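Participant: For reference, the sequence and a predicted model appear below.
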Amino acid sequence: MMDSQEKAQVEGAPVEETKVEESSNANVEVEAAGQVETTVAPAVETPVEEAPALDEAPAVDEKTVAEEQVATDEPALAEEAPVAEKTPADEAPAEETAAEEPQEEAPKKIYKTKGEVLERVAELAHGESTPGKEEVDMLKTVFYKLLVAEREAALKAYVDEGGDPEKYQIIPDVEEEKFKAEMALIKERRAKVFQQMENEKAENLQKKLDIIEKVKAMVTSPESANKSYQEFKKLQQEWREIKSVPAERASELWKTYQHYVEQYYDQLRLNSEAREYDFRKNLEIKTKLCEAAEKLAEESDVISAFHQLQELHQQYREAGPVAKDLREQVWTRFKAASTIINKRHQQHFETLRSKEEENLARKTELCEKVEAIAKEENKGAADWERHTREIIAVQAEWKTIGFAPQKMNVKIFERFRAACDDFFGRKTQFFRDMKSRFAENADKKRALVEQAKALQDSTDWKATSEKLTALQKEWKTIGMVPKKLGDQLWNEFLGACNKFFEARNAANAGTRGEERENLAKKRDVIARLKAVLEQPVDDMQDTVQALVDEYNGIGHVPFREKDKLFKEYHEVLDRLYKELNVTVARRRLDNFRNNLKNVAERGANALDNERTRLMRRYDGLKQEIQTYENNLGFLSVSSKKGNSLIEEMRRKVQKLKDELDLVKEKIKAIDAENSADED
């Protein structure tokens, strides 16, 4: 049996408002008196057996019939009709959450705005007809789905603009207030209709009780049974015309009525011709009902076919009996047609439940996938953005999956939402911390800009050059700042440095001739290195080293030629070292090892001091590499025009890593030298 809330929904009464994501399904409840309540739940497969037919009324002789002048219409025997299958409440299809649409019957119209929904709700609230529950629930779901989507979009825009999610306040929605007011009117109207139906059922109950009392009185007067036959037929017609009664009284009421009807028929003495006429008429009615039930197998809408079957069952119950030798045959035919419809109805919902289980399995996999992504380590902004794209893709897939079983649907959604919230919460905190670091870095760079501007007009060329060079080195150690602000600060800093160095170069114009001579000398060394590359000599390594020493001994060259010359020089050296299979790092390491003896001769602690210095250098390089890698992660996400800067930073990182490996080898060389001295 249905609980009170479900019963109210079926019969048109309002119920308490529920959350947006909830929808309700009613069960089937067939009243014995003929009231069939709608449902979308599957039916029990086995039909209810037909009640046994009454014995035929005893025959009477023609004289008795003539004397009593019984009417030619013979009353229908009190044969009990079959009852359509009932469905337990817990077999109803599962409900779904707010993010998904009801799965049974989609609304004919698609609402895209809250205004459209509100307009339809107002029509229902002020119209003449009673609003249907399915449409009211659907409108409520769509309205709040749109409202939630608007609020989430507003929150996202607020956060994207740099707002604090914890301080965000939801702005009251005017349309929501209007929507609630109109829904209250609908609820009030449905409550009135429900009360009217309840009052009508109570009146119908009393009418049927009065009819039972009248039939009971006829039963207690057997001598006037035939004379009261027309009145009895009238009471039967009145009984059929009376609509539904309270469900809890229906079955008992029907049984009581049948009991006295059967007793009345036992007292009748009608001629066989009238009885056979009634049997033929009832057979015609029940045959048509069988045909109608069989035709329902062709109905494409399983739910509609099931509901139509309930009505046919009710009509079968109200039809009179047929000849005794045909009763089992007719009932078997009707029951067989009913079984086909019931099986289709049951299979329909079994398919829905199977699909819901598949959806639950798919949603569980997506939960596990998001949880796994959320557990992965995020070393920088690039990792956060990559994982964000992965989770957004999973969320998009989630929306394509239908409902899960009712008992698990809310739980699985809460699990998925919790995993997503955990990830995005930690991401928000990461970028909040990054923003704080950017602010600190910006303050440090502003301080360097002020120091550079204070030195830009100095004429102490040597000391100021060293100070500005130191400031430039310090600038490189400071982390990233937002690109627009970073470009502004860098331009100010570079402008101050350039102003000083240009003034210094102008003051030192007399040294240009020497620089040009140095340029010619260095080009000569490069030419000789190329000659060695083209025509190797026996002492190639010593020759190259001598030329390198000569090159390093030459002074400065013009500033504009410095980078070009440096690139040309190192390209030749790289080719030579590759030819000699000697890398720069190896040369430096070899030189270091060769000088270890000289270092050891300075004193007992010289090697230890050198090792301590190298360890500090090693730690500093590791820290510098980590800083650059973090900055790289941010640049790869936020910079649109920073490709060249990214490549330069990557080369810088690789150079630092090579330097780190060299320092590590130097430390090993010192350890090996100490071990040799101990031996």
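Facilitator: Here it is on my side, so go on.

Participant: name the element residue 178 belongs to?
Facilitator: Element membership for residue 178 (DSSP states H and E) is helix 174-219.

Participant: export whatever helix or strand comes next after that helix as PDB, just CAs?
Facilitator: Downstream of helix 174-219, the next assigned helix or strand under DSSP H and E is helix 229-241. Below are the C-alpha coordinates for helix 229-241, written out as PDB (Å, rounded to 0.1, in the frame of the first residue of the first chain):
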ATOM      1  CA  TYR A 229     -35.800  -7.200  -8.700                       C
ATOM      2  CA  GLN A 230     -36.200  -4.000 -10.600                       C
ATOM      3  CA  GLU A 231     -35.300  -2.000  -7.400                       C
ATOM      4  CA  PHE A 232     -32.400  -4.300  -7.000                       C
ATOM      5  CA  LYS A 233     -31.200  -3.700 -10.500                       C
ATOM      6  CA  LYS A 234     -31.500   0.000  -9.900                       C
ATOM      7  CA  LEU A 235     -29.400  -0.300  -6.700                       C
ATOM      8  CA  GLN A 236     -26.700  -2.200  -8.800                       C
ATOM      9  CA  GLN A 237     -26.700   0.600 -11.300                       C
ATOM     10  CA  GLU A 238     -26.300   3.200  -8.600                       C
ATOM     11  CA  TRP A 239     -23.500   1.200  -7.100                       C
ATOM     12  CA  ARG A 240     -21.600   1.200 -10.400                       C
ATOM     13  CA  GLU A 241     -22.100   5.000 -10.900                       C
END
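
Participant: Tell me the helix or strand right after helix 229-241.
Facilitator: Using DSSP H and E, the helix or strand that follows helix 229-241 in sequence is helix 247-267.

Participant: In that next one, which residues are buried?
Facilitator: 247, 249-250, 253-254, 256-258, 260-265, 267 (16 or more other CB atoms under 10 Å). C-beta here means a position set from N, CA and C on the backbone, and glycine is covered the same way.

Participant: which SS class is residue 542?
Facilitator: What DSSP: H, G, I helix; E, B strand; the rest coil gives for residue 542 is helix.

Participant: now the strands: where do they sit in the stretch 401-550 of the chain?
Facilitator: Assigned by DSSP state E, counting those that start in this stretch, the strands in the stretch 401-550 of the chain number zero.

Participant: Around residue 320, count how many other residues there are.
Facilitator: Neighbours of residue 320 under the rule other CB atoms under 10 Å: 18.

Participant: before we move on, the earlier item: when you compare where the helix holding residue 178 runs with where helix 229-241 runs, what's the angle?
Facilitator: Counting by axes from the mean of the first three to the mean of the last three CA atoms, to 10 degrees, helix 174-219 lies at 160 degrees to helix 229-241.

Participant: Could you give the average pLDDT over helix 174-219?
Facilitator: Across helix 174-219, pLDDT averages out at 87.

Participant: Over to stretch 302-317?
Facilitator: Average pLDDT, stretch 302-317: 88.

Participant: Pull out the buried residues from it.
Facilitator: By neighbour count on 16+ other CB under 10 Å, the buried set for stretch 302-317 is 302-303, 305-310, 312-314, 316-317.

Participant: for this protein, longest helix please?
Facilitator: helix 324-375 (DSSP state H).

Participant: Okay, angle between the helix or strand following that helix and helix 324-375 too, please.
Facilitator: Following helix 324-375 in sequence order, the next helix or strand is helix 381-399 (DSSP H and E). Helix 381-399 runs at 180 degrees relative to helix 324-375, counting by the same axes, to 10 degrees.

Participant: returning to that earlier point: considering the buried residues of stretch 302-317, which is situated nearest to residue 234?
Facilitator: Comparing the buried residues of stretch 302-317 against residue 234 with CB to CB places residue 317 closest, at 19.6 Å.

Participant: What strand or helix carries the closest one?
Facilitator: Per DSSP H and E, residue 317 falls inside helix 302-318.

Participant: the bottom helix or strand of the chain by mean pLDDT?
Facilitator: Ranked by mean pLDDT, DSSP states H and E, the weakest helix or strand in the chain is strand 29-30, scoring a mean of 28.

Participant: Name the surrounding residues that touch stretch 621-639.
Facilitator: Identification of contacts with stretch 621-639 by CB atoms under 8 Å, 6 or more residues apart in numbering yields 379-383, 385, 434, 477, 479-480, 482-483, 642, 645-646, 649-650, 652-653, 656-657, 659-660, 663.
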